[in-house]
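S.K.: Got a predicted structure plus its sequence, pasted below:
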Amino acid sequence: MLSSSLAPRSIAGSTIEAAITTGLAPLDQGGSYTLLPAADTTYSIVNAAGGANDGSGTYSYTRLVNGNNNNGDVGVILYTDSSTGLSYNETLTFLTATAGSYVISAALPGGSGSQSGSFAFTAAPKATTSDPALSLVTTPTGTFVGGDTGTVVVEIDNTGAMVANAYVTLNLYLSTDGTVANGTPVTNVARRIQLGTAGNTNFPLRADFNIPFTYPSIVNGTFFWTVKLSPSLGLDDADQSNDTAASATMVTLSAPVIDLKETNVVVKDLTAEGVVTATKQQAIVTLLNDGNRSITGTVHFTLSTAATSEGFDTPIVPKPVPIYISLAPGKIVNVAVRFIGPNMTVSTQQYIVATVSTVGVVQETNIVNGVDLNNIINTTSPVLFTPPEVTLTDAIVGSLPASVVGGSGGSTMLQVVNDGNIPLKALLTVTLYVSADTTLDAGDSQVLFGGKNEMIAVGKSVQFPLKFTYPTTLANGDYYLLAQVASTSMPVLGSVPPISVTAPASNVAVSPTQVNISQPIVTLTANFGTMPGTAFVEGQTVTLPLDLLNSGNIPATGRYIVQLFASTSGDPADIPLTTALATKLSLATNAVSKTTIKCKIPTGVLATGVPYFFIARIDASAIPDITDPNPTAVGSQTFTIS
């Protein structure tokens, strides 16, 4: 490489053959090298006034390393022209690693211009030193997502003649072609290697080292694994060409996509009456993990109503509802979001709008999954919202007797059903009537009114035993029982704002059969029993048997007055034999009360030898429901006085 100071030297298209006389192979950071002339006088000077045709000479080479034999490294060649004796300083930039293209800048002193060419190094025998050689043992294969983790295992062999005992740095790349130059850095780890030689077995000749890593999130594509070993300052490395290894298989990497998507929302077990004010409900929201990363954490749901599918939202939950999810990519989950039916005064159709927020859990790649930017989904059709109602129906389920007497006690069973849409929890009132027909009107007789605090769930029923007294003022005949229920005003628990409802009077329940009601009567019949004789004397005491028969339909209870008379005609009686005597009576129906009346035949009142009848005159007006308050008993035989 000879030249004068007048013109640039040209070795374009030629090959530089380098024989290492000092230093390590390939070119180390410093050393002296001999450039040998080629057979075709490669190094002759072009347009040089001084002229030269020999390129032999000794040159000093210094390499300023910024990437260990990579393209872009810059070296400096110092040499002396054998013809002129002038020394030159050339800057040589390597465009590839150890063989390929180069660029030489203008020469010094006094040179100008630049030139390019090709080169190759022929190394001299290696010096006696350590030589860590890298190979890949295990690398992940398949498809992965940025953020996934894994491990690459490398094997390091000591192929040199000295023990390698120092720290090294293992640099891991994902490379499109297996080279570091076209690689994306993944991680680097420091590892201490202690590798022996064939003559020194204090350490193994080779060892495996793990490189744990996390896949980068900024690249997509298919890559080779590439590892480059960087020796430390304390480690001699005889041959750095074996410090890089690439995998034989490739791995596919995708940038992470985090996307939680709502796909559906429905109201669980929605009935025909829809969502009722203050009732507990569940909205079932279907979530899809539409990304390629698992989503785990507590997301927050809000529920609203809207008159149209994209209308103004009215919240129906007081604050966002937290729900924990753990969802793998491509999987779905149904989430139950509880809410209370909003207060409605009239029935209305509204869409339910569900919104899920992943703030604090993940940063979504795609947040546009519905009609808005924050994972929003509507019900496919409007939902009916219904105001609260309490509707009661009742039925008389107890049996009735065939016939009764007015004033007697009665009983039956009433069943009340809550056919409304909210539970009843209020004072329940019952009114019972006796009616000649099945229609409740002003002419019917009320026989019972009462109330009781009750709680009846929707669709459930309770039964009430009813006890009452049959009326005594009705004409004898067949009658129905009619029942009607109602409730007092009751608050609707959970309604916002607070409201209350009242159950209107229910439909009239009619007894399945009629009962014959008779007015209560007491009918007393008085008769003398067997007389003690037919002839008596003045001053004689006579005991007369008197029988009372109750042929009515209720017991005869009370006091009555009886007085004994004598009469020649039988009736009316005209001669009193006793004063009025008060007597207590308690006589069942169709029963006979046997009593006696004592009298002393008066002196000078009755004529001797004249036949008389005994007559018992009774006043029973004090006995309730008596049909004849003055029954009279007339003796069947006459008697005389002597």
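M.R.: Yep, it's here.

S.K.: Would you quantify the distance from residue 291 to residue 205?
M.R.: 47 Å (C-beta to C-beta, to the nearest Å). No exception for glycine: its C-beta is placed from N, CA and C like everyone else's.

S.K.: and those two? which has more neighbours close in?
M.R.: In this view residue 291 and residue 205 are compared by other C-beta atoms under 10 Å, and residue 291 has more residues nearby, 21 against 15.

S.K.: For residue 261, identify the helix or strand it belongs to.
M.R.: Using DSSP states H and E, the element containing residue 261 is strand 260-267.

S.K.: That strand packs against which elements?
M.R.: strand 280-289, strand 348-357, strand 376-378 (3 or more C-beta pairs under 8 Å, 6 or more residues apart in numbering; DSSP states H and E).

S.K.: The nearest residue to residue 496 once chain neighbours are set aside: neighbour count?
M.R.: Closest residue to residue 496 apart from its sequence neighbours, by C-beta to C-beta, 6 or more residues apart in numbering: residue 343 at 5.8 Å. Residue 343 has 17 neighbours, counted by other C-beta under 10 Å.

S.K.: any idea how far residue 495 is from residue 343?
M.R.: Distance from residue 343 to residue 495, by C-beta to C-beta: 5 Å.

S.K.: intersection of neighbour lists for the two?
M.R.: 277-278 (C-beta atoms under 8 Å, 6 or more residues apart in numbering).

S.K.: Contacts made by the strand holding residue 261 with the rest, please.
M.R.: With C-beta under 8 Å, 6+ apart, strand 260-267 has contacts from 275, 281-291, 295, 299, 327, 332, 352-354, 356, 358, 362, 364, 369-370, 375-380, 383.

S.K.: in its sheet, what does that strand sit against?
M.R.: strand 280-289 (antiparallel) (DSSP bridges).

S.K.: just checking, next helix/strand downstream of the strand it pairs with?
M.R.: strand 295-306.

S.K.: and the helix or strand following that following strand, how far from the chain's centre?
M.R.: Using DSSP H and E, the helix or strand that follows strand 295-306 in sequence is strand 314-315. Put simply, strand 314-315 sits 19 Å off its chain's centre (C-alpha atoms, centre = their mean, to the nearest Å).

S.K.: ok, now stretch 625-642?
M.R.: On C-alpha atoms, centre = their mean, the centre of stretch 625-642 falls 92 Å from that of its chain.

S.K.: Can you name the residues that contact residue 446?
M.R.: Per C-beta under 8 Å, 6+ apart, neighbours of residue 446: 431-433.

S.K.: Hmm, I typed the wrong one, I wanted residue 256.
M.R.: Here residue 256 is in contact with 145-147, 217, 291-293, 365 (C-beta under 8 Å, 6+ apart).

S.K.: Any chance of a PyMOL selection covering the buried ones in the residues you listed?
M.R.: Provided next is the PyMOL selection string for whichever of those are buried by 16 or more other C-beta atoms under 10 Å:
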select buried, resi 145+146+291+292+293
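
S.K.: any idea which of the contacts of residue 256 is the one closest to residue 535?
M.R.: Relative to residue 535, the closest of the contacts of residue 256 is residue 291; by C-beta to C-beta it sits at 130.8 Å.

S.K.: wouldn't that closest one be in contact with residue 327 here?
M.R.: No - in this structure residue 291 lies outside contact range of residue 327 using C-beta atoms under 8 Å: 9.7 Å.

S.K.: Domain ranges for this protein, per the record?
M.R.: 15-122, 132-254, 261-386, 392-518, 524-641 (automatic domain parsing).

S.K.: Can you add mean pLDDT and give those back as TSV?
M.R.: Below are those laid out as TSV (pLDDT from 0 to 100):
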stretch	mean pLDDT
domain 15-122	43
domain 132-254	92
domain 261-386	89
domain 392-518	93
domain 524-641	93
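
S.K.: State the phi and psi torsions of the closest residue to residue 419 other than its chain neighbours.
M.R.: Excluding its sequence neighbours, the residue lying closest to residue 419 (C-beta to C-beta, 6+ apart) is residue 391, at 4.4 Å. Per-residue torsions, residue 391: phi -120, psi 130 (degrees, to the nearest 10).

S.K.: residues contacting residue 391?
M.R.: Taking C-beta under 8 Å, 6+ apart, one finds 418-420, 503-504, 506 in contact with residue 391.

S.K.: how about the residues you listed, which pair is most distant?
M.R.: Farthest pair in the contacts of residue 391, by C-beta to C-beta: 418 and 504, 13.2 Å.

S.K.: Residue 286 is in contact with residue 356, correct?
M.R.: No - counting by C-beta under 8 Å, residue 356 does not reach residue 286; the two are 10.7 Å apart.

S.K.: more crowded one of the two?
M.R.: residue 356 (25 against 16).

S.K.: measure that one to residue 206 for me?
M.R.: For residue 356 relative to residue 206 (C-beta to C-beta), the value is 54 Å.

S.K.: do residue 420 as well
M.R.: In terms of C-beta to C-beta, residue 420 sits 84 Å off from residue 206.

S.K.: Compare these two and say which is more crowded by neighbours.
M.R.: Remark: of residue 420 and residue 206, residue 420 carries more neighbours, 21 against 17, as counted by other C-beta under 10 Å.

S.K.: Assign that one to helix, strand or coil.
M.R.: coil (DSSP: H, G, I helix; E, B strand; the rest coil).

S.K.: contacting residues around it?
M.R.: 388-392, 458, 503.

S.K.: In CSV: the residues you listed, plus distance to residue 166 and secondary structure.
M.R.: Formatted as CSV, these follow (distance: C-beta to C-beta, whole Å; DSSP: H, G, I helix; E, B strand; the rest coil):
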residue, distance to residue 166, secondary structure
388, 83, coil
389, 87, coil
390, 88, coil
391, 90, coil
392, 93, strand
458, 82, coil
503, 92, coil
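
S.K.: can you name the two of those that are farthest apart?
M.R.: So, the contacts of residue 420 by C-beta to C-beta: farthest apart are 388 and 392, at 14.0 Å.

S.K.: Wait, the residue nearest to residue 496 touches residue 277, no?
M.R.: Yes - between residue 343 and residue 277 there is a contact at 5.1 Å, judged by C-beta under 8 Å.

S.K.: which ones are touching residue 435?
M.R.: Per C-beta under 8 Å, 6+ apart, neighbours of residue 435: 441, 443-445, 479-482.

S.K.: swap in residue 548?
M.R.: Residue 548 touches 524-526, 556, 585, 587, 592-593, 595, 618, 631, counting by C-beta under 8 Å, 6+ apart.

S.K.: For the most centrally placed residue in the chain, list each beta-bridge partner.
M.R.: Note on the chain: the residue nearest the mean C-alpha position is residue 336, at 2.6 Å, using C-alpha atoms, centre = their mean. Taking DSSP bridges as the rule, residue 336 bridges to residue 284.

S.K.: pretty sure it is touching residue 282, no?
M.R.: Yes - the pair residue 336 and residue 282 passes the contact test of C-beta under 8 Å, sitting 4.7 Å apart.

S.K.: anything in contact with each of the two?
M.R.: residue 268.

S.K.: orientation of the strand holding residue 261 relative to strand 295-306 in degrees?
M.R.: 50 degrees (axes from the mean of the first three to the mean of the last three C-alpha atoms, to 10 degrees).

S.K.: got the buried residues for strand 260-267?
M.R.: Buried-residue list, strand 260-267, by 16+ other C-beta under 10 Å: 260-262, 264-267.

S.K.: Export those to CSV and append columns for distance to residue 163.
M.R.: Converted to CSV, these look like this (distance: C-beta to C-beta, whole Å):
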residue, distance to residue 163
260, 56
261, 59
262, 64
264, 68
265, 70
266, 73
267, 76
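
S.K.: Quick one: residues contacting residue 502.
M.R.: 390, 487-490.
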